[in-house]
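Enquirer: Just need the structure, nothing else, for what follows:
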Amino acid sequence: MASRAFTARVQCTTKLLRYSFAARPSAPTRTTCGSYRAFSGSIGLCDAGERSSASAEKHLSEPRDILGGPSWSVESLLPPNGQQLDPPISSQQLHHLLRLSALPLPKTPEDEKKMMDTLSAQLHFVGEVQRVDTSGVKPLSAIRDETMAAEKEQTIDLKALEDVLMGEKVIGKHYKRIQRVTPPESSKAEDWDLFGSAKRRERNFFVVESEQTQE
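Expert: Numbers count the residues shown, from 1 in each chain. Alright, predicted model coming up:
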């Protein structure tokens with residue numbers, strides 16, 4: 001009796017295991033996009049967001065894609081067409097600025113309107129530049145390249161002065177001084193005639209004729 005009960009229990013357990021394996025989906029495998037997909041195709045977990053971000057990173061990693069077209073335009077800092085400043089520029093202010101700049105005044109109202117629109121756009125551009133957050137940015141002391149590479153390139157050291165120092169010699173016994181050695185090719189530079197192309201000269205001076213002022 002005990003053996004029959006044990007055999008029946010084993011058969012029941014075997015049936016349960018077969019049923020569970022038959023109902024269990026196939027083992028998932030990792031695809032190239034970083035998600036899982038079942039062999040049977042019933043489970044698809046490939047995230048579209050991950051694929052789009054991966055394709056975007058691949059797209060931006062190509063230099064020709066980055067430099068292929070402009071990503072920003074200076075026109076974004078200019079006002080829309082027809083937009084005026086608040087407060088607007090008056091005609092008196094425009095004429096005052098033109099006089100300070102020694103520029104001619106507009107001849108027609110159309111020219112004055114065009115100048116005022118141009119000045120408004122320029123002031124709007126300056127305002128947009130002034131709103132840029134520059135906190136933590138060290139201001140430039142001059143308009144030049146102040147990077148470490150530029151400073152190293154502009155630094156004058158003994159290696160840069162080697163050719164100049166080789167063209168000098170120390171003379172004197174009690175009072176030593178430095179004298180430059182004149183190279184042979186430049187020793188004849190002062191032999192050319194300074195007045196060779198002058199039409200008129202007075203001793204060691206050029207003679208230039210000028211028109212007489214009419215009274």
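
Enquirer: so how many other residues sit close to L98?
Expert: Using other CB atoms under 10 Å, L98 has 16 neighbouring residues. From N, CA and C alone the C-beta is placed, and that goes for glycine too.

Enquirer: Can you get me a residue count around the closest residue to it other than its chain neighbours?
Expert: With CB to CB, 6 or more residues apart in numbering as the criterion, L98 has its nearest non-adjacent residue at 5.6 Å, and that residue is L105. Using other CB under 10 Å, L105 has 11 other residues around it.

Enquirer: again with S101
Expert: 8.

Enquirer: Can you pull the phi and psi angles for it?
Expert: S101 adopts backbone torsions of phi -90, psi 0, taken as degrees, to the nearest 10.

Enquirer: tell me the contacts of it?
Expert: Taking CB atoms under 8 Å, 6 or more residues apart in numbering, we find S101 in contact with no residue.

Enquirer: re earlier: contacts only, for the residue nearest to L98.
Expert: H95, L98, R99.

Enquirer: Name the nearest of these relative to V126.
Expert: L98 (18.2 Å; CB to CB).

Enquirer: Check the spacing between that closest one and S91 real quick.
Expert: According to CB to CB, to the nearest Å, L98 and S91 sit 11 Å apart.

Enquirer: who touches both of those two?
Expert: Taking CB under 8 Å, 6+ apart as the contact rule, L98 and S91 have no neighbour in common.

Enquirer: Give me the subset of the contacts of L105 lying in helices.
Expert: If you go by DSSP state H, the contacts of L105 have H95, L98, R99 in helices.

Enquirer: was I right about the second one contacting P104?
Expert: By that I understand L98. Yes: using CB atoms under 8 Å, L98 is in contact with P104, at 7.2 Å.

Enquirer: if we can go back for a sec, need the contacts of L105 in CSV (columns: distance to R64).
Expert: CSV is the format used below for the contacts of L105 (distance: CB to CB, whole Å):
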residue, distance to R64
H95, 51
L98, 47
R99, 52
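
Enquirer: so where is this protein shaky, pLDDT-wise?
Expert: Applying pLDDT under 70 to the chain flags residues 1-61, 82-86, 184-190, 212-215.

Enquirer: same thing but at 80, please
Expert: 1-68, 80-88, 140-141, 146, 182-194, 210-215 (pLDDT under 80).

Enquirer: can you pull out the helices in it?
Expert: Secondary structure of the chain (DSSP H): helices at 2-23, 48-60, 63-66, 91-100, 109-130, 148-154, 162-166, 184-187.

Enquirer: quick revisit: ok, so of the contacts of L105, who is nearest D133?
Expert: Distance to D133 across the contacts of L105 (CB to CB) is lowest for L98, with 34.3 Å.

Enquirer: quick one, what contacts G69?
Expert: G69 sits next to no residue when contact means CB under 8 Å, 6+ apart.

Enquirer: which residues does L140 contact?
Expert: Per CB under 8 Å, 6+ apart, neighbours of L140: E146.

Enquirer: Same check on the one 4 residues further on?
Expert: R144 sits next to A150 when contact means CB under 8 Å, 6+ apart.

Enquirer: Many thanks, I have nothing further to ask.
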